[in-house]
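Asker: Predicted model and sequence below, questions to follow.
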Amino acid sequence: MREIVGKDETLDVLCNERLSIIQKKRGYRFSIDAVLLAAFVRLRKHERLLDIGSGCGIIPIYIARKGCANDMTGVELQKDLFEAAQKNRVINRCEDRVRFINADITAIVKEMKKEPFQVVVSNPPYTRRRSGRTCPDESRRLARYEEKLDIDALTSAVSDLLVKKGRFYVIYPAHRMGELIHAAAVKRLALKKLRIVHPRQNEKANLVLAEFLKDGGMGVTIEEPLYVYNGTELSDEVKQYYLFED
């Protein structure tokens, strides 16, 4: 396994050694947010999944290594991240279930919508274009800032690529939840499930996990809050996300 890890890459072994992830030492690296989202996704048998902005492939590979045999596709704009994702599908032995495409999702929607998906997932850029301090590293900047994919473009692509009653799973900053819900509604994506994420108990929420239904009706389930840490350690629930216990 280690022979395919480049000098500019790291190999992280997680989840009871059932998940191995190659990443670049410099540039964008996945965070715990991707794991929270992967654990939030629900897949039914035979449903096809699309991951928009797949990075190193962590979300579909995580889901595959949890035991899902579903067909999953990840689309990633950045070539370096795409190449890492390609390696990760090999070392995690899920080539039969997971594939990656190196492209701008907005440029390939017309082609991909010929065979729409039942589930779309995304851990998108969180920060508005030209908002806050600019990150000098291009890889991190494209992953964190809406330079190539803002919330309107994302929800438009999701709506086009989902079947009727298909589901969209996303993690997003809590302070931008209103924007997310509005942009989704404009594209016929109805909020159906919401979970508020707090760093710790008694701390303000910083993220939301949301499930939308294409052409869905009224009615939203608000799940119990998710606390990521208990003091300096991961909370018991989040620890379970990394255990992969059968």
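Answerer: Great, that's in hand. Numbering: from 1, shown residues only.
Asker: can you pull up the bridge partners for residue 50?
Answerer: Taking DSSP bridges, one obtains residue 73, residue 120 as the residues bridged to residue 50.
Asker: list the contacts for it?
Answerer: The contact partners of residue 50, taken as C-beta atoms under 8 Å, 6 or more residues apart in numbering, are 72-75, 112, 117, 119-121, 161. Every C-beta, even on glycine, is put in place using the N, C-alpha and C of the backbone.
Asker: Please tabulate those residues in a markdown table and include distance to residue 182, neighbour count and pLDDT as additional columns.
Answerer: Putting the contacts of residue 50 into a markdown table (distance: C-beta to C-beta, whole Å; neighbours: other C-beta atoms under 10 Å; pLDDT from 0 to 100) gives the following:
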| residue | distance to residue 182 | neighbour count | pLDDT |
| --- | --- | --- | --- |
| 72 | 29 | 28 | 98 |
| 73 | 28 | 20 | 98 |
| 74 | 27 | 29 | 98 |
| 75 | 24 | 23 | 98 |
| 112 | 25 | 18 | 96 |
| 117 | 23 | 23 | 98 |
| 119 | 22 | 23 | 98 |
| 120 | 18 | 27 | 98 |
| 121 | 20 | 29 | 98 |
| 161 | 20 | 22 | 98 |
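Asker: Could you export those residues as TSV, including distance to residue 196?
Answerer: Below are these laid out as TSV (distance: C-beta to C-beta, whole Å):
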residue	distance to residue 196
72	27
73	29
74	27
75	28
112	32
117	27
119	22
120	22
121	19
161	27
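Asker: Is residue 161 in contact with residue 109, as I believe?
Answerer: Yes - Residue 161 lies in contact with residue 109 (C-beta atoms under 8 Å); the separation is 6.4 Å.
Asker: Do you know the pLDDT at residue 144?
Answerer: We have a pLDDT of 61 for residue 144.
Asker: can you list the residues that contact the longest strand seen in the chain?
Answerer: For the chain, the strand with the greatest residue count under DSSP state E is strand 162-173. Strand 162-173 is contacted from outside by 33-34, 36-37, 40-42, 116-124, 126, 151, 155, 158, 180, 184, 189, 192, 197, 206-216, using C-beta under 8 Å, 6+ apart.
Asker: Helices - which of these land there?
Answerer: Of the contacts of strand 162-173, the ones assigned to helices by DSSP state H are 33-34, 36-37, 40, 151, 155, 158, 180, 184.
Asker: buried subset of those residues?
Answerer: The neighbour count (16 or more other C-beta atoms under 10 Å) marks 33-34, 36-37, 40, 151, 155, 158, 180, 184 as buried among the ones in helices among the contacts of strand 162-173.
Asker: Relative to residue 233, which of the residues you listed is nearest.
Answerer: Set against residue 233, the nearest of these by C-beta to C-beta is residue 36 (15.9 Å).
Asker: pretty sure that closest one is in contact with residue 238, am I right?
Answerer: Yes - with contact defined as C-beta under 8 Å, residue 36 counts as touching residue 238 (7.4 Å).
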